[in-house]
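**Student:** sequence first, then the predicted structure:
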Amino acid sequence: MKRSTVRANLFVQLGLVLLIAVLLNLLGVRYFKRLDLTTDRVHSLSQPTKTLMKRLERPLVVKVFFTKGLEAPYNNHERLFVEKLEEFQAWSDGRMRIEVVDPSEKLVEIVDGEEKTRTREQEALRLGVMPNQYQYRDRTRTELRQVYMGAAFLYGERQQIIPVVNQLSGLEYDVARAIKRLIDPEPARVGYTTGHGEVELSTDTRAPIQALRNQLAENNTMLVPVDLDGPTDQLDELEALLVVGPSSAFSPLSAFRLDQFLMSGRGVGVLLSNYQPHTESGEVVPIFHGLEGILGAYGIRHNRDLVLDRTSNSKMPLPVRRGRVVNMVNVNTPVIPVVHDLSMDSPIVRGIPMLTMPFSSTIDLPEEETRDVVYTVLAKSSEESSRSQAVQKIDPYTLKEPGMAETKGASAVLVQARGVFSSAFANQEAPDPGPDAAEEIVVRESADARLVVSGTSHFMANNAMAMLNLVDWLVADLSLVDIRSKTLQLPNLNPMEASQVRILKFMNLLGPVFLILFFGLFRGFLRRRSS
């Protein structure tokens, strides 16, 4: 074969290889797969995220403002953040564009015939991305600098920002939440009952409640106080209703309107405590809210007892006497069980390792399955726990040993129910709403409704992620639930027994010697056989 022919064949083959590579890359951009071997697929976009990106109806521009030359631990944040945005972009059907901007970059503009220089920092400030304090070090000096590590999301006239990307574990959730607020700007309205000693969610200054309130606001959820004895129109625009820690009995009218809210097919979360601790005296004070009746009509029995767990519990401040001085000291106590047995089938607790359930009562569900309502136990105490109706003091020394009135075994402390409920007032007339109000009609059977019942009202302040998931489930918005629970968890290394360590040491020392000896004997055998 002629040399020119060989050369021509070589160039043709090289051209075909390049053409195939280009076509494969083009196809890979449009049709791609990613292998994610992590347990919770934390490095892949979840299905709700992909569905969210398909809802884009107009161009989405993401401007990433990152100062160059950052040191550890932020030196890789820009690259990883942009890579995550590119995953979102791949599912946007071409509607998402990413712009990476260095705020220190200088721009020259002609204004009124004069050259003026400005930096892209002004653009970041105009879009609401503010600088952060950053401690810069090099070989000769240490100083504080103002750096940018944020992004602005522009969707038509709407705008959202991620002010600072200082951690990488929740990037998908942060980006998806920002995009969702652009697509669905109207907040979800969630009511909470008042007038019966409930937790005042809008004004409570305790740190856990404030943090939860801020997170709900970031999730575009508005908390609305509701007086069930007041006008009925305050319930009209609500998507869900929370009852958190009432300490006095509901009136017949309040109970009726709560029941009818569920009958309308909306979500209701009932977080009840039957006992309240008095930390200074150490006594347990009973609470009577009067909601056992309507919960019983829905097939849920909220028992007047307390769960005690002496093996898995948490701490609370209790008075401890040291000589003549009494100090408040954080002490582990059985009345604050830590629950690990959680349902992985429910988005409310899926992906959450444990729940803290202080002063929780047990919950019983129907023993037989019902056709209209599906009941699910979300959380159960451990097999080592017990239930008691005779707890009078929370002193750990008093509760150190099991009492005669305790019943040992796992108990449900958080449940959900979904389906068609029968009204607790199905066989009654509606209560009198007052002289100036119109008569109300009893709806005796619900549309498809959602109900969550907790054995303790302290569930809210101690389990922020589960509470956010609970609210999303009640308003039937599951787009962020699975994303929120995705966390990168490294597998635990189990310690080895001393005998196993000795065996491995001997194998490391003598194993190579025996392998070489065996190889030599095998080679010698082959040589003798061939000769």
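**Tutor:** Good, I have the coordinates. Because the structure is a prediction, the values reported are computed rather than measured. Numbering: from 1, shown residues only.

**Student:** for this structure, which helix or strand comes out least confident on mean pLDDT?
**Tutor:** None of the helices or strands of the chain scores lower by mean pLDDT, DSSP states H and E than strand 106-111, at a mean of 66.

**Student:** what about dumping the CA coordinates of stretch 504-524 to CSV?
**Tutor:** Extracted C-alpha coordinates of stretch 504-524, given in CSV (Å, rounded to 0.1, in the frame of the first residue of the first chain):
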residue,chain,number,x,y,z
LEU,A,504,-4.2,-8.7,61.2
LYS,A,505,-0.7,-7.8,62.5
PHE,A,506,0.6,-11.3,62.0
MET,A,507,-1.0,-11.5,58.6
ASN,A,508,0.8,-8.3,57.5
LEU,A,509,4.1,-9.5,58.9
LEU,A,510,4.0,-13.2,57.8
GLY,A,511,1.6,-13.1,54.8
PRO,A,512,4.2,-11.7,52.2
VAL,A,513,6.8,-14.3,53.4
PHE,A,514,4.4,-17.2,52.9
LEU,A,515,3.4,-15.9,49.5
ILE,A,516,7.0,-15.7,48.3
LEU,A,517,7.7,-19.2,49.8
PHE,A,518,4.6,-20.6,48.1
PHE,A,519,5.6,-19.0,44.7
GLY,A,520,9.1,-20.4,45.0
LEU,A,521,7.9,-23.9,45.7
PHE,A,522,5.4,-23.7,42.8
ARG,A,523,8.1,-22.5,40.4
GLY,A,524,10.4,-25.3,41.6
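
**Student:** run the chain-centre distance for it.
**Tutor:** Relative to its parent chain, stretch 504-524 has a centroid offset of 53 Å by C-alpha atoms, centre = their mean, to the nearest Å.

**Student:** other residues contacting it?
**Tutor:** When contacts are defined by C-beta atoms under 8 Å, 6 or more residues apart in numbering, stretch 504-524 is touched by residues M496. Glycine gets a C-beta too; all of them are placed from N, C-alpha and C.

**Student:** let's see 6 Å
**Tutor:** Stretch 504-524 has contacts (C-beta atoms under 6 Å, 6 or more residues apart in numbering) with no other residue.

**Student:** do stretch 308-315 as well
**Tutor:** In this structure, residues lying in contact with stretch 308-315 by C-beta under 6 Å, 6+ apart are 330, 332, 334, 336-338, 356, 381-382, 384-386, 388.

**Student:** helix, strand, or coil at the nearest residue to L235 once chain neighbours are set aside?
**Tutor:** Computed as C-beta to C-beta, 6 or more residues apart in numbering, the closest residue to L235 that is not its neighbour in sequence is F261, at 5.9 Å. Secondary structure state of F261, per DSSP: H, G, I helix; E, B strand; the rest coil, is helix.

**Student:** G267 versus F261, what's the distance?
**Tutor:** With distances taken as C-beta to C-beta, to the nearest Å, F261 is found 9 Å from G267.

**Student:** wait, the residue nearest to L235 sits on L242?
**Tutor:** No. Taking contacts as C-beta atoms under 6 Å, F261 lies outside contact range of L242: 11.0 Å.

**Student:** what is the mean pLDDT for stretch 156-166?
**Tutor:** Averaged over stretch 156-166, pLDDT sits at 90.

**Student:** alpha carbons of that stretch, in PDB - could you do that?
**Tutor:** What follows is stretch 156-166, C-alpha atoms only, in PDB (Å, rounded to 0.1, in the frame of the first residue of the first chain):
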ATOM      1  CA  GLY A 156     -38.000  38.600  35.100                       C
ATOM      2  CA  GLU A 157     -38.800  41.300  37.700                       C
ATOM      3  CA  ARG A 158     -38.400  38.800  40.600                       C
ATOM      4  CA  GLN A 159     -35.100  38.400  42.500                       C
ATOM      5  CA  GLN A 160     -33.700  36.100  45.200                       C
ATOM      6  CA  ILE A 161     -30.200  36.000  46.600                       C
ATOM      7  CA  ILE A 162     -28.000  33.500  48.400                       C
ATOM      8  CA  PRO A 163     -26.000  36.000  50.500                       C
ATOM      9  CA  VAL A 164     -23.100  33.800  51.400                       C
ATOM     10  CA  VAL A 165     -22.000  30.300  50.400                       C
ATOM     11  CA  ASN A 166     -20.000  29.300  53.500                       C
END
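
**Student:** pLDDT value on the residue nearest to L235, please?
**Tutor:** 95.

**Student:** tell me how many other residues surround it.
**Tutor:** 23 (other C-beta atoms under 10 Å).

**Student:** where in the stretch 301-450 of the chain is pLDDT low?
**Tutor:** Scanning the stretch 301-450 of the chain with the threshold set as pLDDT under 70 gives 318-323, 325-327, 329.

**Student:** redo that, cut-off 90
**Tutor:** Along the stretch 301-450 of the chain, the model assigns pLDDT under 90 to residues 313-333, 344-347, 350-353, 367-371, 389-406, 429-430, 432-441, 447.

**Student:** those strands in the stretch 251-400 of the chain, which residues are they?
**Tutor:** Along the stretch 251-400 of the chain, counting by DSSP state E, counting those that start in this stretch, strands occupy 267-271, 275-278, 283-286, 301-302, 306-308, 313-322, 325-339, 341-342, 355-356, 363-364, 373-380, 386-388.

**Student:** need the winner for burial among those.
**Tutor:** Ranked by mean neighbour count, these are led by strand 306-308 with a mean of 27 (mean count of other C-beta atoms under 10 Å).

**Student:** just how off-centre is that one within its chain?
**Tutor:** 26 Å.

**Student:** Provide the strand pairings for it, with the direction of each partner.
**Tutor:** strand 386-388 (antiparallel) (DSSP bridges).

**Student:** could you say what helices and strands the helix or strand just after the strand it pairs with packs with?
**Tutor:** Scanning forward in sequence from strand 386-388 by DSSP states H and E, the next helix or strand is strand 407-408. Packing contacts for strand 407-408, counted by 3 or more C-beta pairs under 6 Å, 6 or more residues apart in numbering; DSSP states H and E, involve strand 386-388.

**Student:** let me see the domain layout of this protein.
**Tutor:** Domain assignment for the chain, taken from automatic domain parsing, gives 39-181, 187-304+361-380+412-484, 496-531.

**Student:** most tightly packed of those?
**Tutor:** The most buried one of the domains of the chain (mean count of other C-beta under 10 Å) is domain 187-304+361-380+412-484, showing a mean of 18.

**Student:** so L474 is in contact with A240, correct?
**Tutor:** Yes. Using C-beta under 6 Å, L474 is in contact with A240, at 3.8 Å.
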